[in-house]
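>>> make a model of this:
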Amino acid sequence: MDKKNICFFTSSLNDGGAEKVLIDLANSFSQSYNVTILTLEDSILFFKVNKNVQVHSLKLSISRPQQDVGVVYQND
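Okay, here's the model as predicted:
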């Protein structure tokens, strides 16, 4: 049986609390799911990301100070 896919979406993965929680969730879910983290901006990974978690950036620059975190779950 193929693993289902989860994509976490956030503006960046800088050194903040929301970023740590997102990476902790991604690392945990990666044991049972294919997990991708998609960011708007390139980021230096401050927290350890499991090797099974893919991280991709759209390489956009944003100017708003707030952190938006979302999850997309594909249910086949």
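>>> could you give the number of residues near I37?
I37 has 23 neighbours, counted by other CB atoms under 10 Å. For glycine as for every other residue, the C-beta is placed from the backbone atoms N, C-alpha and C.
>>> just the element for it, please.
strand 34-39 (DSSP states H and E).
>>> what's the closest non-adjacent residue to T39?
S57 (4.7 Å; CB to CB, 6 or more residues apart in numbering).
>>> any idea how far Y33 is from that neighbour?
Distance from S57 to Y33, counting by CB to CB, to the nearest Å: 21 Å.
>>> again, but for F46
23 Å.
>>> more neighbours: those two, which one.
More crowded of F46 and Y33, by other CB under 10 Å: Y33, with 18 against 13.
>>> how about low-confidence regions in the chain?
61-76 (pLDDT under 70).
>>> what do you get if the cut-off is 80, keeping everything else the same?
Applying pLDDT under 80 to the chain picks out residues 1, 60-76.
>>> for it, what spans make up the helices?
Ranges of helices within the chain are 17-29, based on DSSP state H.
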